[in-house]
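> Let me see the structure of the following:
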Amino acid sequence: VQLVESGGGVVQAGGSLRLSCVVFGRAFSTRSLGWFRQIPGKERELVASIRWSDRSTVYADFVKGRFTISRDKSENTVHLQMDNLKPEDTAVYFCYRRTIDGTDYWGQGTQVTCSS
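You can find the predicted model right below:
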């Protein structure tokens, strides 16, 4: 299974970016997909996740109302729409997939930089 992210970049405060992650391989046993982020010197933290079966979502408090996670079953893809970005959102964003047996798979990460 391979996860390939795209959509990172540089944006000014208040701007938007859309991250996408394609899951290649045997995706039928997916329990959930989502995004973590890691700021240098800090631990990786959950940003948002979505359950594959019913699209129920979980968001970190610091992105509620600004970020939206969605998934496309037909394309085995998860998206993260990020609006009203802030400088503190600058981080490497990692896509992950959790299987029904609890195994996690990770993408390589994509850099998001928000300048003030």
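
> where does this structure dip in pLDDT?
The chain contains residues with pLDDT under 70 at 27-28.

> Of all residues in the chain, which one is nearest the centre?
Nearest to the mean C-alpha position of the chain, counting by Cα atoms, centre = their mean, stands Trp35 at 2.7 Å.

> Tell me which residues touch that residue, please.
Residues near Trp35 by Cβ atoms under 8 Å, 6 or more residues apart in numbering: 19, 21, 46-49, 69, 78, 80, 93-96. Glycine gets a C-beta too; all of them are placed from N, C-alpha and C.

> Just the buried subset of these, please.
Neighbour counting by 16 or more other Cβ atoms under 10 Å classes Leu19, Cys21, Val47, Ala48, Ser49, Ile69, Val78, Leu80, Tyr93, Phe94, Cys95, Tyr96 among the contacts of Trp35 as buried.

> ok, so of the contacts of Trp35, who is nearest Ser115?
For those, the closest approach to Ser115 (Cβ to Cβ) belongs to Tyr93, at 16.4 Å.
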